[in-house]
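Visitor: Return a 3D structure for these sequence lines:
(one chain, ligands or ions: 1)
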Amino acid sequence: MATVSATLDVGLDVGATKTLGVAIGPDGAIVAQVREQTTLGAAGVVDTAARVFAALRAATGEPLDGPLGVGMPGLVDVERGAVKHAVNLGVDGEWLPVRDLLSRRLDLPVVVENDVNAAALGARALDDADDVVYLSIGTGLAAGVVLGGRLRRGAHGAAGEVGHVSVDPLGAPCQCGQRGCLETIASGSALASAWPVDDPHPAAALFAAAARGDAAAVVVRDRFCAGVASAVRVLSLAVDPVSIVLGGGVAQVGDPLRLAVQQALHAQAAGSPFLTSLDLAGRVRVVPADYPVAAVGAAMLGQ
Ligand SMILES: [Zn+2]
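Guide: I've put the predicted structure just below:
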């Protein structure tokens, strides 16, 4: 059945290892999905994005001339469509005008957004709720906030930067200059240093060891999940979302992560009828496996 191209929304999630592209139909279903290894560096990133877009055109058989949404890590100037400090992409130093470069090359409008913010829109699509927070537990810890159905970046683009809430003035130094930030407890890099294993998925290795009853793993897992729970609590008390969706590399652990974070939330609420009444544990979800949350959200940027 032919689909009218104007009704397909297209989004790209540009990551350090892969660039994922999706085309989404009017009912929200993913019509086509393409994944390519990202070529690093300014020119490489733009080339990869153009290649993935061309593959989506081929896969859908549609011209796809509507706005293209692009989610990227690093500092994103949405007004200018430019990216900086995306060190993992090999994009640093000068602002990279991704929007203008891609728009000229593909001859269509392009919208660029930070990948965590894009993923927040994708997380919102999971629940069809207007107030949703996406908590990315990747190398760092940061949230994207959707309120009233709209992405909220804040006055300085810092809305959701909960990873830099310091919870321990005597804690480990953080790259932001503070000590004891939640990011030093509840991020992929914090987990990898707390549980140093020769495994490409240290989070999965940690949760598996804890499930086997390894006492040291249980301690590390529980401290990690208490940190995630604190981030959930801060975000919930700040904006009171319907759901908090856990995403990022660590969230690939899936349900064991959700269950451990919910347990930590119950423990933190014990003794507080106020916190208990808010049922924060009941609002926690994990991005389903194989749901390309940031690419789906990027596809909604042009709407
Ligand atoms: Zn910090």
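
Visitor: Near the ion, which residues of the stretch 151-300 of the chain are found?
Guide: Applying C-beta under 5 Å from the ion, one finds that the stretch 151-300 of the chain approaches the ion through 164, 174, 176, 178, 181. Backbone N, C-alpha and C define where each C-beta goes, glycine included.

Visitor: Recalculate using a threshold of 6 Å.
Guide: Contact residues (C-beta under 6 Å from the ion) of the stretch 151-300 of the chain with the ion: 164, 174, 176, 178, 181, 183.

Visitor: Among those residues, show me the least confident.
Guide: Looking at those, model confidence by pLDDT dips furthest at Cys176: 93.

Visitor: Who are the contact partners of the residue nearest to that residue when sequence neighbours are not counted?
Guide: Nearest non-adjacent residue to Cys176, counting by C-beta to C-beta, 6 or more residues apart in numbering: His164, 4.9 Å away. Listed by C-beta atoms under 8 Å, 6 or more residues apart in numbering, the contact partners of His164 are 174, 176, 178, 181-183.

Visitor: quick one: His164 and Ala16, what's the gap?
Guide: In this view, His164 and Ala16 are 21 Å apart by C-beta to C-beta, to the nearest Å.

Visitor: can you check Pro73 too?
Guide: Between Pro73 and Ala16 the computed distance is 7 Å (C-beta to C-beta).

Visitor: Can you work out which residues contact both of the two?
Guide: Shared between the contact lists of Pro73 and Ala16 (criterion: C-beta under 8 Å, 6+ apart) are residues 88-89.

Visitor: CSV please, covering the contacts of His164 and showing distance to Asp27, neighbour count and secondary structure.
Guide: Shown next, in CSV, are the contacts of His164 (distance: C-beta to C-beta, whole Å; neighbours: other C-beta atoms under 10 Å; DSSP: H, G, I helix; E, B strand; the rest coil):
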residue, distance to Asp27, neighbour count, secondary structure
Cys174, 43, 20, coil
Cys176, 42, 14, coil
Gln178, 45, 16, coil
Cys181, 41, 28, strand
Leu182, 37, 25, helix
Glu183, 38, 28, helix
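
Visitor: Can you lay out those as a markdown table showing distance to Val296?
Guide: Shown next, in a markdown table, are the contacts of His164 (distance: C-beta to C-beta, whole Å):
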| residue | distance to Val296 |
| --- | --- |
| Cys174 | 31 |
| Cys176 | 30 |
| Gln178 | 33 |
| Cys181 | 29 |
| Leu182 | 26 |
| Glu183 | 25 |
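
Visitor: Of the residues you listed, just say which sits nearest to Asp130.
Guide: Taking C-beta to C-beta as the measure, Leu182 is the one of these closest to Asp130, at 25.9 Å.

Visitor: The closest one and Arg233 touch, don't they?
Guide: No: at 10.4 Å, Leu182 and Arg233 do not qualify as touching, with contact defined as C-beta atoms under 8 Å.
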